[in-house]
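Undergrad: from the sequence below, what's the structure:
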Amino acid sequence: MAVFGCGGVGLNVIQGARLLNASRIIAVDVIGHKLEFAYKFGATDVVNARETDPVEAIQDMTDGGVDYAFDSFGNPNVIAQALGSIRKAGTAVLIGLPALGDEAPVDMVDMVRNQKRLVGSFYGSAPPHETFRLLLDFYNRGKIDVDSVVTRRYGLDQINERLRRPGPRRRRPRRHRLRRLRLAHLPRRRDPNIVIVMKIDPRANGNPSAAPPP
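TA: Numbering: from 1, shown residues only. Model (predicted):
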């Protein structure tokens, strides 16, 4: 089987495959240290998708493709790669949530002729109360590694503090904010040949000391 994306979700997919005694678990990612980390959770092989075509690499490694491929990232191109990496009658599973409105470029002829399947899985497609019972049992018996993916711990009395704490924010490119507009030479009568000129107040872009436009 192959797992695309070696973040928190992907690493636990790898652990699940190891629990089910998968003979070969191929981890795919674009970050080298994540691939190295994947070995600890049960990956037998790794593919750096930044350096090589993952579909070709998986097909070469498995003589035609894997039986199952999981997309834990939720990207249209990645799910297409997952479908391309499975063998005839194989199954690709979409776990990661893509952006609303995203559509995947699926080779429909390949799916029909090779009888491939594409399925979605939300929270493991199982009742949460049953899933958590099994996870706690596996953890207590040392069958899954949870501690290695924990980056910070909080006590029960700190729950509200953690919920109030903002998560990491992505830096966005600065945009020109139009907070205050001034119109000049605006006639009262309608004339199709008149051009409306808008002047932007520079103080709207974080410079309160700037003088307003004349």
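
Undergrad: so P98 touches G74, yeah?
TA: Yes - contact status for P98 versus G74: in contact at 4.3 Å, counting by Cβ atoms under 8 Å. (Glycine included, C-beta is placed from N, CA and C.)

Undergrad: show residues contacting the helix or strand where L35 lies.
TA: According to DSSP states H and E, L35 maps onto helix 32-40. With Cβ atoms under 8 Å, 6 or more residues apart in numbering as the test, helix 32-40 has contacts from 3, 6-7, 10-11, 14, 27, 29, 43, 46-48, 145, 148.

Undergrad: what of stretch 13-27?
TA: Residues outside stretch 13-27 that contact it (Cβ under 8 Å, 6+ apart) are 1-3, 6, 10, 35, 38-39, 41-47, 58, 61-62, 66, 70, 72, 95, 138, 143-145.

Undergrad: show me which of those residues are buried.
TA: 1-3, 6, 10, 35, 38, 41-47, 58, 61-62, 66, 70, 72, 95, 138, 144-145 (16 or more other Cβ atoms under 10 Å).

Undergrad: in helices, which of the residues you listed appear?
TA: Counted as lying in helices by DSSP state H, out of the buried ones among the contacts of stretch 13-27, are G10, L35, A38, I58, M61, T62, F138.

Undergrad: contacting residues for the fourth one?
TA: Residues near I58 by Cβ under 8 Å, 6+ apart: A2, I26, V28, V47, G65, V66, A69, S85.

Undergrad: burial count for the nearest residue to it once chain neighbours are set aside?
TA: What sits nearest to I58 in space, not counting adjacent residues and going by Cβ to Cβ, 6 or more residues apart in numbering, is S85, at 4.2 Å. Around S85 there are 27 other residues, counting by other Cβ atoms under 10 Å.

Undergrad: which pLDDT value belongs to S85?
TA: Listed pLDDT for S85 reads 97.

Undergrad: just the one 5 residues further on next, same as before
TA: Per-residue pLDDT puts G90 at 97.

Undergrad: surely it forms part of a helix?
TA: No - judged by DSSP: H, G, I helix; E, B strand; the rest coil, G90 forms no part of a helix; its state is strand.

Undergrad: going forward can the numbers begin at 334, since that is how I track them
TA: Got it, first residue is 334 now, which makes that one G423.

Undergrad: give me every residue that touches the spatially closest residue to it that is not a sequence neighbour.
TA: Once flanking residues are discounted, G423 sits nearest to D400: 5.2 Å by Cβ to Cβ, 6+ apart. Listed by Cβ under 8 Å, 6+ apart, the contact partners of D400 are M334, I419, R420, G423, T424.

Undergrad: possible to save these as a markdown table with distance to R450?
TA: Putting these into a markdown table (distance: Cβ to Cβ, whole Å) gives the following:
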| residue | distance to R450 |
| --- | --- |
| M334 | 14 |
| I419 | 9 |
| R420 | 12 |
| G423 | 7 |
| T424 | 5 |
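
Undergrad: the residues you listed: which two are farthest apart?
TA: Comparing all pairs in those by Cβ to Cβ, the longest separation belongs to M334 and R420, at 10.9 Å.

Undergrad: shared neighbours, those two?
TA: With Cβ under 8 Å, 6+ apart as the test, M334 and R420 both reach V399, D400.

Undergrad: show me the shaky parts of the protein.
TA: For the chain, applying pLDDT under 70 flags the ranges 498-547.
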